[in-house]
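K.L.:
build me a model from this:
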Amino acid sequence: MLGLFLPSPSDCSSIERCKKYMPTVIREARYHIGMSAPTHYFMGQIEQESRCNEGATAFDGGMGLGQIMPETAKELHRKYPELRELALNPYDPQWNIRAMILYDRACYREVLCQDWYYAFRAYNGGAGLLNREIARAGSCEIERVESQCKRKVLRLKNGLLDFCKVNIEYPYKIFKKAEKWAR
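P.N.:
Below is the predicted model of the structure:
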C-alpha cells in the first residue's frame, strides 16, 4: 500500500525552512559517516529538534538546529578537529549540523546495540543511561530495552515531564519526520 504524505500548512513552512539545510546535511553525513549515511534521519532529527530554526533555544538550553546543549557543544568542539575548523557557534547551521552528525556517530558507536534507534535515544538522553537499560534487558530487542527505562519524572508548572516517555518517543518522532526526506 502506498502512503500519501499530505503536509499541514504548518508542516509546509517547516519543510520549506528545512530544505535549505539538505545539501549541508548530505555533505556532512557522507563525509563523516559514509556514502550510505541515513541523511533522511538527520533531516528528521533537525526538524524534530528545532523545526529547522537555526536560532532556536530550548527551555533546557539546547541551541540551534540540533539543540546541542552548551556543555556538549564545548566538549564536541574540543574533541573533534573537524569542528575546530569552524568557530564554536551552535547557532551557525554548518557548525551545528556537523556537530550533530559527529555526536550521532559517536552515540551509534558508544551504545551497546548499534542501531540508529539507539543512537538517537543516546543523543537525547545519554549513552550511559541507555547502556544500563540494555544491560538490564540482556538484549537488543527494543521492547525489552524500553521496559527497562528508569528515569526521573520532573514536576513542571503545567504537568509532569516523564524522561522515559520523552526518550523512548524521540527516535520514533525522527523516523516519522524522516519519511518525507527519504529519496
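K.L.:
could you name the helices and strands sitting against the helix or strand where Glu82 lies?
P.N.:
Under the criterion of DSSP states H and E, Glu82 resides in helix 81-84. Under the contact definition 3 or more CB pairs under 8 Å, 6 or more residues apart in numbering; DSSP states H and E, helix 81-84 sits against helix 70-79, helix 93-110. (Each C-beta comes from the backbone N, C-alpha and C, glycine too.)
K.L.:
buried ones in the shortest one?
P.N.:
Read it as helix 70-79. For helix 70-79, a neighbour-count test (16 or more other CB atoms under 10 Å) marks 72-73, 76-77 as buried.
K.L.:
and it with helix 93-110, angle?
P.N.:
Here the directions of helix 70-79 and helix 93-110 differ by 90 degrees (axes from the mean of the first three to the mean of the last three CA atoms, to 10 degrees).
K.L.:
what about Leu160, how many neighbours?
P.N.:
9 (other CB atoms under 10 Å).
K.L.:
what's the pLDDT at it?
P.N.:
On pLDDT, Leu160 comes in at 75.
K.L.:
can you confirm it is in a helix?
P.N.:
No. Counting by DSSP: H, G, I helix; E, B strand; the rest coil, Leu160 is not part of a helix but strand.
K.L.:
measure it to Val166 for me?
P.N.:
Computed as CB to CB, to the nearest Å, the Leu160 to Val166 distance reads 11 Å.
K.L.:
kindly report the same for Lys20.
P.N.:
From Lys20 to Val166 the distance is 28 Å (CB to CB).
K.L.:
okay, the two: which has more neighbours?
P.N.:
Neighbours per residue (other CB under 10 Å) separate Lys20 from Val166, with Val166 holding more: 14 against 11.
K.L.:
not counting sequence-adjacent ones, nearest residue to Ile68?
P.N.:
Excluding the flanking residues, the one nearest Ile68 by CB to CB, 6 or more residues apart in numbering is Pro90, at 5.2 Å.
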